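Trainee: Okay, here's the prediction I keep looking at, along with the sequence it came from:
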Amino acid sequence: MQSCGEGTCSSTNKNNAEIQEDASVNASLGKIRNKLLVMSGKGGVGKTSVSVNLSIALAGRGFKVGLMDVDIHGPDVPRMLGLSGAPDVDKISHKLIPMRYSENLNVISTESLIPDRDDAIIWRGPMKHSAIKQFIGEVEWGELDYLIIDSPPGTGDEPLTIAQTISDARTIIVTTPQEVALADVRKSINFCKTVKMEILGMVENMSGFVCPHCGEKLDLFGSGGGEKTALTANIPFLGKIPFDPNVVSCGDAGVSLQENYAESAVTKAFVEIAEKISENKIDQSLNKIDQSLNNRRNNNMKFAIPLADGKLTAHFGHCQEFALINVEENEIKNKEILIPPPHEPGVLPKWLNEIGANVIIAGGMGHRAIELFDQAGIKVITGAPVEEPEALVRNYLSNVMVLGDNACSGGDSHECGGH
């Protein structure tokens, strides 16, 4: 790099064109409330499918959504949405008008700007960087509630450009449950930490398949791996998307899965994720988990123990009452007995979280129940003997508790059975 005196230096200062480009980018970003980068550690995990369906779900809730496809070498968004042709140019601003999918959803993609969709795009990093900035600053996005950015797999030029260009962008990481995908996803998490990009949450795609003939659930790629990784990394878990062949057929045909299969498990999963994002439930949930984990680290714990006749009962979901025991610095401070609300799926995790419990000692518990408590930041100990609650807590604190066949320490291992 050459040195500069009192005059200007072209090698260190931006030229007028670059200054104008930055101004145009900042002007566009100033009209967009939320910028969400959808990324994955490896290919084949359904990242673009998640981007497309999340955009449709948010638009369906009445939000103004832009979908920007920056997967330069494999831009599939227009095909999945059934869009063809090229975007028009605004006569006044001379900016590109994004292609319209619906009243609330507009799209821009490299594929719409090349003469032949099957042409290979052979660009180096600087060209990708320039194209992405043009997608932001030279496209007439207008006022948006959400800009969803579909990036290619990995941690290369495209997500790095987004991180450098959009300072308040947040990331949604997509994975499948199997370990090979999770290993790459951990690289994505470290990438976000390195570039100081906030992680909005993780989505576990292709999580289980329900046979349409017999109704049996098959874990084609495993299940729960993404959820466990999110918990371990202390980042929000947005939800599981089950495997459904209709996702593939609708994507190939360029039609909306959510319109054609409105009652499907996949559609409901995307709607729930969109609700979490738009209603700001993620940050609230993560704050509760953070507080619960911090209390446990500081040895300030509140144990919840299901009781029958004053002792631990194996029937966790239908117990008569709960003993709540407060522990500070490994000493029992007080105990209270509470009557739980009527048993319904998901009620107990919410109730125990609200009253501040962060450790459960139980006889047996099903796998799904343990997952729900994990999501609430509540550690689960199963396989405990039938004893009075104070004795159980003391044995746990002294590391002398003898656990039976259903033993599982939630937050460390979740592969247990239960009743």
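Mentor: Perfect, thanks for sending it.
Trainee: Can you check what pLDDT the model gives Lys276?
Mentor: Here the pLDDT value assigned to Lys276 is 89.
Trainee: and if you look at the one 10 residues further on?
Mentor: At Leu286 the predicted local confidence, pLDDT, stands at 47.
Trainee: same thing with the one 3 residues further on?
Mentor: As summarised for this prediction, Ile289 has a pLDDT of 47.
Trainee: ok, residues contacting stretch 391-403?
Mentor: Here stretch 391-403 makes contact (Cβ atoms under 8 Å, 6 or more residues apart in numbering) with 303, 305, 312, 325, 327, 330, 332, 359, 361, 381-385, 387. Yep, even glycine has a C-beta here, placed from its N, CA and C like the rest.
Trainee: Please state the offset of that stretch from the chain centre?
Mentor: The chain centroid and the centroid of stretch 391-403 are separated by 36 Å, computed with Cα atoms, centre = their mean, to the nearest Å.
Trainee: Pull out the buried positions in it.
Mentor: Buried positions in stretch 391-403, judged by neighbour count with 16 or more other Cβ atoms under 10 Å: Leu392, Val393, Arg394, Asn395, Tyr396, Leu397, Met401.
Trainee: How much space separates the first one from Ala169?
Mentor: Note on Leu392: its distance to Ala169, by Cβ to Cβ, to the nearest Å, is 47 Å.
Trainee: what does His315 give?
Mentor: From His315 over to Ala169 (counting by Cβ to Cβ), the distance is 48 Å.
Trainee: Those two: who's more crowded?
Mentor: Neighbour totals were compared for His315 and Ala169, and Ala169 leads with 22 against 14 (other Cβ atoms under 10 Å).
Trainee: So for that one, what's the nearest residue that isn't a sequence neighbour?
Mentor: Spatial nearest neighbour of Ala169, chain neighbours left out: Lys35 (4.3 Å); criterion: Cβ to Cβ, 6 or more residues apart in numbering.
Trainee: Might you report the residue contacts of that neighbour?
Mentor: By Cβ under 8 Å, 6+ apart, the contact list for Lys35 reads Leu29, Tyr146, Leu147, Ile149, Ile166, Asp168, Ala169, Arg170.
Trainee: Which helix or which strand is home to it?
Mentor: Secondary structure assignment for Lys35, by DSSP states H and E: strand 32-40.
Trainee: now do Lys187
Mentor: Using DSSP H and E, Lys187 falls in helix 179-194.
Trainee: okay, the angle between that helix and strand 32-40?
Mentor: 140 degrees (axes from the mean of the first three to the mean of the last three Cα atoms, to 10 degrees).
Trainee: mean confidence for the helix or strand just after helix 179-194?
Mentor: Downstream of helix 179-194, the first helix or strand assigned by DSSP H and E is strand 198-205. Mean per-residue pLDDT for strand 198-205: 92.
Trainee: Give the buried residues for strand 198-205.
Mentor: Ile199, Leu200, Gly201, Met202, Val203, Glu204, Asn205.
Trainee: does Gly85 really touch Val107, like I thought?
Mentor: No. The criterion here is Cβ atoms under 8 Å, and Gly85 misses it with Val107 at 11.7 Å.
Trainee: between those two, what contacts are shared?
Mentor: With Cβ under 8 Å, 6+ apart as the test, Gly85 and Val107 both reach Met99.
Trainee: Show me which of the two is the more surrounded one.
Mentor: Val107 (25 against 8).
Trainee: check contacts around the more buried one.
Mentor: Counting by Cβ under 8 Å, 6+ apart, Val107 touches Gly66, Leu67, Met68, Asp69, Val77, Pro78, Leu81, Leu83, Pro98, Met99, Arg100, Tyr101.
Trainee: so which strand or helix has Leu307?
Mentor: Judged by DSSP H and E, Leu307 forms part of strand 300-308.
Trainee: And Ile370, how close does it get to Gly364?
Mentor: 10 Å.
Trainee: Tell me which of those two has more neighbours.
Mentor: For Ile370 versus Gly364, neighbours defined as other Cβ under 10 Å are more numerous around Ile370 (26 against 20).
Trainee: would that one count as being in a helix?
Mentor: Yes. The assignment for Ile370 (DSSP: H, G, I helix; E, B strand; the rest coil) places it in a helix.
Trainee: Just want to check the distance between it and Leu352.
Mentor: 13 Å.
Trainee: sorry, back to before: write a ChimeraX command that selects only the buried members of the contacts of Lys35.
Mentor: Entered in ChimeraX, the line below selects the buried ones among the contacts of Lys35, by 16+ other Cβ under 10 Å:
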select :29,146,147,149,166,169,170
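Trainee: got any ranges where the stretch 201-350 of the chain has weak pLDDT?
Mentor: Within the stretch 201-350 of the chain, the stretches with pLDDT under 70 are 210-224, 280-299, 345.
Trainee: Please, where are all the helices along the stretch 101-250 of the chain?
Mentor: 125-137, 157-165, 179-194, 225-233, 245-253 (DSSP state H, counting those that start in this stretch).
Trainee: list the helices and strands the second one packs on?
Mentor: In this case it means helix 157-165. Secondary-structure packing of helix 157-165 (3 or more Cβ pairs under 8 Å, 6 or more residues apart in numbering; DSSP states H and E): strand 32-40, helix 125-137.
Trainee: Next secondary structure element downstream of the first one?
Mentor: Same thing as strand 32-40. Per DSSP H and E, strand 32-40 leads on to helix 47-60 as the next helix or strand towards the C-terminus.
Trainee: Which neighbouring elements make contact with the following helix or strand past that following helix?
Mentor: Sequence order places strand 65-69 as the next helix or strand after helix 47-60, per DSSP H and E. In terms of contact count using 3+ Cβ pairs under 8 Å, 6+ apart, strand 65-69 is assigned the packing partners helix 47-60, helix 77-81, strand 105-109, strand 144-150.
Trainee: Mind listing the strands the third one pairs with, and their directions?
Mentor: Applying DSSP bridges, strand 105-109 is found paired with strand 65-69 (parallel), strand 99-102 (antiparallel).
Trainee: mind exporting the shortest one as CSV, just the C-alpha atoms?
Mentor: This file holds the C-alpha atoms of strand 99-102, laid out as CSV (Å, rounded to 0.1, in the frame of the first residue of the first chain):
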residue,chain,number,x,y,z
MET,A,99,-40.2,-10.0,-8.6
ARG,A,100,-43.6,-10.3,-7.0
TYR,A,101,-44.7,-13.6,-5.5
SER,A,102,-47.6,-12.4,-3.5
